[in-house]
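1. no sequence on hand, only this structure:
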């Protein structure tokens, strides 16, 4: 049995020596799948089995996590330079840049992961937030934007318009009146929205975008539409893709509580709770299907997800099992 600490966690993998590049590529593929939002229970079980099959598999997974943490911790210009130099083909400049952050051992695999998940654009964005970071910025016109964990935007202001481009994740936007009278537009991969003096959130989930309005109103333009398909008013939300917009439905102020660093759960399924919490921690947080439909209510810190998990275990018959700091499972509590 693996050695664990007082909290039942398995210590980090510390094996020495190089890892077969094929293993790193496979770990990258699993990581991309697990973070895609489309992983099935069978995918989770297969990934779990692959990690357990050989110590180097977990070493590769852990090193990829370490790389992500190091990139998230350096300044934006430095990270942007590293990633630009890290684009294939390999070069001396690329190797030097990665070695400066201690990342050369996993460069090939992470390049694959970043390309497949859109990470190149996010990590070279004008503004971005790391995993677990909630970041507020003020734009030149006075508009304030709060970036949720693992989010990224580009900002393009010119003489005709103000444009915010959501590259990844979710943002809370509080608009300002522009002294030049330029319209503000927020673009996602699914289309764009135009706020009318408002406060709203916009999230891009790859297959659709979700808009929630808390003040004022926002027009939705799916895909490349030139006419608004839907106007969403305060207290409403809607979702849209490149083809259509659907809604409106009722919005909850609690859904934007992440901007205050908390997760508000109201009769929430444990599976949904862990999926939300997973956005704020490194690695893979898995919910065992046996406890997926248990319900949780409460307010949980997003700044300390381990504490949130401990709180969950205090209120429900679940155990929090740590295979490593990067691989955690919420499972049914073992019978005494």
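-> Right, received. Where do you want to start? Fair warning: this is a prediction, and the values are worked out from it, not measured in the lab.
2. rest of the way, CA atoms for contacts and neighbours
-> Noted.
3. in what helix or strand does the residue lying closest to residue 126 once chain neighbours are set aside lie?
-> For residue 126, ignoring the flanking residues on the chain, the nearest one in space by Cα to Cα, 6 or more residues apart in numbering is residue 154 at 4.9 Å. Using DSSP states H and E, residue 154 maps to strand 152-157.
4. other SSEs contacting that strand?
-> Counting contacts by 3 or more Cα pairs under 8 Å, 6 or more residues apart in numbering; DSSP states H and E, strand 152-157 is packed against helix 119-123, strand 127-128, strand 162-174.
5. hmm, try it at 6 Å
-> For strand 152-157, the helices and strands in contact under the criterion 3 or more Cα pairs under 6 Å, 6 or more residues apart in numbering; DSSP states H and E are strand 127-128, strand 162-174.
6. of all those strands, which one is nearest residue 199?
-> Residue 199 lies closest, by Cα to Cα, to one member of the helices and strands packed on strand 152-157: strand 162-174, at 4.4 Å.
7. which of the residues in stretch 160-168 are buried?
-> 162, 163, 164, 165, 166, 167, 168 (16 or more other Cα atoms under 10 Å).
8. any idea which of those is closest to residue 188?
-> Among the buried residues of stretch 160-168, and counting by Cα to Cα, the member closest to residue 188 is residue 166, at 5.1 Å.
9. isn't that closest one right up against residue 189?
-> No: at 7.8 Å, residue 166 and residue 189 do not qualify as touching, with contact defined as Cα atoms under 6 Å.
10. just to revisit the earlier point, got the helices and strands packed on strand 152-157 as CSV, with mean pLDDT and distance to residue 284 columns?
-> Formatted as CSV, the helices and strands packed on strand 152-157 follow (pLDDT from 0 to 100; distance: least, Cα to Cα, whole Å):
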stretch, mean pLDDT, distance to residue 284
strand 127-128, 92, 21
strand 162-174, 95, 17
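11. reformat the ones you listed into a markdown table and put distance to residue 206 next to each item.
-> Formatted as a markdown table, the helices and strands packed on strand 152-157 follow (distance: least, Cα to Cα, whole Å):
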| stretch | distance to residue 206 |
| --- | --- |
| strand 127-128 | 17 |
| strand 162-174 | 9 |
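12. which stretch among those comes nearest residue 52?
-> strand 162-174 (30.8 Å).
13. need the pLDDT of residue 66.
-> Looking at residue 66, its pLDDT reads 55.
14. can you check residue 3 too?
-> If you check residue 3, the pLDDT there is 33.
15. what of residue 150?
-> 88.
16. show me the contacts for it.
-> Counting by Cα atoms under 6 Å, 6 or more residues apart in numbering, residue 150 makes contact with 129, 130, 131.
17. what's the local residue count around the first one?
-> Taking other Cα atoms under 10 Å as the criterion, the count of residues near residue 129 is 25.
18. what of the last one?
-> When neighbours are defined as other Cα under 10 Å, residue 131 has 20 of them.
19. report the secondary structure state of it.
-> coil (DSSP: H, G, I helix; E, B strand; the rest coil).
20. ok, it touching residue 149?
-> Yes: with contacts counted by Cα under 6 Å, residue 131 reaches residue 149, the gap being 5.2 Å.
21. so for these two, which residues contact both of them?
-> Joint contacts of residue 131 and residue 149 (Cα under 6 Å, 6+ apart) are residue 280.
22. quick revisit: what's the overlap in contacts for residue 166 and residue 189?
-> With Cα under 6 Å, 6+ apart as the test, residue 166 and residue 189 reach no residue in common.
23. for the stretch 51-200 of the chain, what spans make up the strands?
-> Along the stretch 51-200 of the chain, counting by DSSP state E, counting those that start in this stretch, strands occupy 127-128, 135-138, 144-147, 152-157, 162-174, 184-188, 191-204.
24. show me what the last one is packed up against.
-> Same thing as strand 191-204. Counting by 3+ Cα pairs under 6 Å, 6+ apart, strand 191-204 packs on strand 162-174, strand 184-188, strand 209-222.
25. residue 283 is nearest to which of the ones you listed?
-> Within the helices and strands packed on strand 191-204, the stretch nearest residue 283 is strand 162-174; the backing value is 16.8 Å (Cα to Cα).
26. mind putting the strands of the stretch 51-200 of the chain into JSON lines with distance to residue 283?
-> Output for these, formatted as JSON lines (distance: least, Cα to Cα, whole Å):
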{"stretch": "strand 127-128", "distance to residue 283": "19"}
{"stretch": "strand 135-138", "distance to residue 283": "21"}
{"stretch": "strand 144-147", "distance to residue 283": "20"}
{"stretch": "strand 152-157", "distance to residue 283": "19"}
{"stretch": "strand 162-174", "distance to residue 283": "17"}
{"stretch": "strand 184-188", "distance to residue 283": "26"}
{"stretch": "strand 191-204", "distance to residue 283": "21"}
